[in-house]
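> Provided below for reference: sequence and predicted model.
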Amino acid sequence: MDPEEQPYEQPVYTIPLDEVLAFVRMQTKRPDAGADSDLFADLHCTGKSFNKLVEAFGREFNVDVTGYKWYFHTDEDDHSIGTMLFKPPNERVQRMPITPEKLWVMANEGHWNINYPEHELPSSRADIFINILIFIAGALLLAYIAKRW
């Protein structure tokens, strides 16, 4: 048989979808989570909670999540004055939904299998720099007021 004519073999999935669904339901505290539920939009798993879920997922199912890029899937928890002037990473790319079904495939493949599009992020975060400057200015102002009082 010609190698090009060989039938495509379906991968063998040893981890059942129900296990991944149970994990997602426990992590998000959403018993209504379905296989096609968007963790961010449907289950409201965002920011640090989303990142903790991914880390726990990697440990629970022995998945290499080093390729995970948070800014494609969720937002930052913290509100920032600097983001009024400079976009944070998650606003510089198009969001890519993650579902329990996608996690199930990754659990069986053993790695974070998302192919991210070419993108370029600034080497530094101007929005965070603005926040630091505002914090320092506020602290100096408070120190000055406290000294004068």
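Noted; the coordinates are in hand.
> ok, N113 - how many residues close by?
Applying the criterion other Cβ atoms under 10 Å, we find 13 residues in the vicinity of N113. Heads up, the C-betas are built off the backbone N, CA and C, glycines and all.
> Now the residue lying closest to it once chain neighbours are set aside: phi and psi?
The shortest distance from N113 to any residue other than its chain neighbours is 5.4 Å, reached at M106 (Cβ to Cβ, 6 or more residues apart in numbering). In this entry, M106 is assigned phi and psi values of phi -60, psi -40 (degrees, to the nearest 10).
> Kindly report the same for P100.
Main-chain torsions, P100, degrees, to the nearest 10: phi -60, psi -30.
> and the gap between it and Q27?
When Cβ to Cβ, to the nearest Å is applied, the distance between P100 and Q27 equals 10 Å.
> Next, the contact list for the residue nearest the centre of the chain, please.
Among the residues of the chain, W70 comes closest to the average C-alpha position under Cα atoms, centre = their mean, at 3.3 Å. Going by Cβ atoms under 8 Å, 6 or more residues apart in numbering, W70 touches F50, N51, V54, P89, N90.
> if we can go back for a sec, who touches the residue nearest to N113 in this structure?
Neighbouring residues of M106 by Cβ under 8 Å, 6+ apart: F57, F61, V63, W112, N113.
> And for L17?
If a contact means Cβ under 8 Å, 6+ apart, then L17 has A35, P100, E101, W104 as its contacts.
> Against E91, how distant is it?
The value you get for L17 to E91, if Cβ to Cβ is used, is 32 Å.
> Going by residue numbers, what spans are helices in this protein?
17-28, 47-61, 100-109, 126-148 (DSSP state H).
> got JSON lines for those, with mean pLDDT too?
Converted to JSON lines, the helices of the chain look like this (pLDDT from 0 to 100):
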{"stretch": "helix 17-28", "mean pLDDT": "97"}
{"stretch": "helix 47-61", "mean pLDDT": "97"}
{"stretch": "helix 100-109", "mean pLDDT": "97"}
{"stretch": "helix 126-148", "mean pLDDT": "75"}
